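Undergrad: Predicted model and sequence below, questions to follow.
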Amino acid sequence: TLLREDGTATYHLASVVDDADFGITHVIRGNDHRPNEQLHRRLHEALSTAPPEYVHHGLILGPDGKKLSKRAEGATVASLREAGIPAEAVRAYLEELGVPAHDVHYDLPRIRRLATDAIGGMTDAELARRLSVPERLAPALRGARDLNEAREYAQLILTPPEPVSVAPETLRRFRELVAVNGIDPKTIVRELKAVGGDLRALRLVLTGRERGPELWAVIAALPREETLRRIDASL
């Protein structure tokens, strides 16, 4: 069938004429179109036009084993962007897939792992620019699983928490160490560990949360005056 009842061309005729009009040399499409190849070649022959080279690849399947639906989680660029997946992770995943000869299942967990790698591979300047935060925060954001979580980490550091009441011994020792000029944040954490300091309580005082970025990175990201202010508020 070449024409519908209303006189408009069917997909097969329209597709072949379109390819001929635009001088298309290669048609790359899913395996579900493979049965159409012979028909399209015959139509080109009937029209005395040169058929393009047809390349058919495996389809990307959803969890149900059917062709991936645009409504599936992470199936569109927009949904991946909203989920905080960096573009570099999506490109890396597509490069891994290449042109699959057989159908493949969409691997969203793999994309999420690549997102963590992409964030870890960004320069401080690039990561800060992507999140619109001060560059000094970048080291504290590298453990984030996506850009949304990285933004949450940044807000934890930038937003002064409500003062919390914790055992003062760790805070006093921490205050002494922070007051020393030029001491490295990693050294501060090691010193506190060595004396059995309550690092969970310290994180709570600095960020208001028991979990989050690496503690040394939080200390490095906070100006000394703000660190001391948060300690004193809890003391």
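TA: Thanks, I have the structure now.
Undergrad: how close does residue 108 get to residue 73?
TA: According to C-beta to C-beta, to the nearest Å, residue 108 and residue 73 sit 6 Å apart. All C-beta atoms are positioned from the backbone trio N, CA, C, and that covers glycine.
Undergrad: what's the answer for residue 186, then?
TA: The value you get for residue 186 to residue 73, if C-beta to C-beta is used, is 38 Å.
Undergrad: where along this protein do the helices fall?
TA: For the chain, applying DSSP state H gives helices covering 11-21, 37-47, 77-82, 87-97, 108-121, 124-131, 138-141, 147-158, 168-178, 185-194, 199-207, 215-221, 224-234.
Undergrad: tell me, how many neighbours does the closest residue to residue 147 other than its chain neighbours end up with?
TA: The spatially closest residue to residue 147, leaving aside those adjacent along the chain, is residue 84, at 3.8 Å (C-beta to C-beta, 6 or more residues apart in numbering). Burial of residue 84, expressed as a neighbour count using other C-beta atoms under 10 Å, amounts to 20.
Undergrad: hang on, isn't residue 84 packed against residue 153?
TA: No - taking C-beta atoms under 8 Å as the contact criterion, residue 84 and residue 153 are not neighbours in contact, 11.6 Å apart.
Undergrad: Tell me how many other residues crowd residue 89.
TA: Residues contacting residue 89 under the criterion other C-beta under 10 Å number 23.
Undergrad: neighbour-wise, which of residue 108 and residue 73 wins?
TA: For residue 108 against residue 73, the residue with the higher neighbour count under other C-beta under 10 Å is residue 108, and the figures read 17 against 13.
Undergrad: quick one: the more buried one and residue 81, what's the gap?
TA: Note on residue 108: its distance to residue 81, by C-beta to C-beta, is 14 Å.
Undergrad: How about residue 206?
TA: As defined by C-beta to C-beta, residue 206 lies at a distance of 31 Å from residue 81.
Undergrad: just for the protein, where's the confidence low?
TA: Along the chain, segments meeting pLDDT under 70 are nowhere present.
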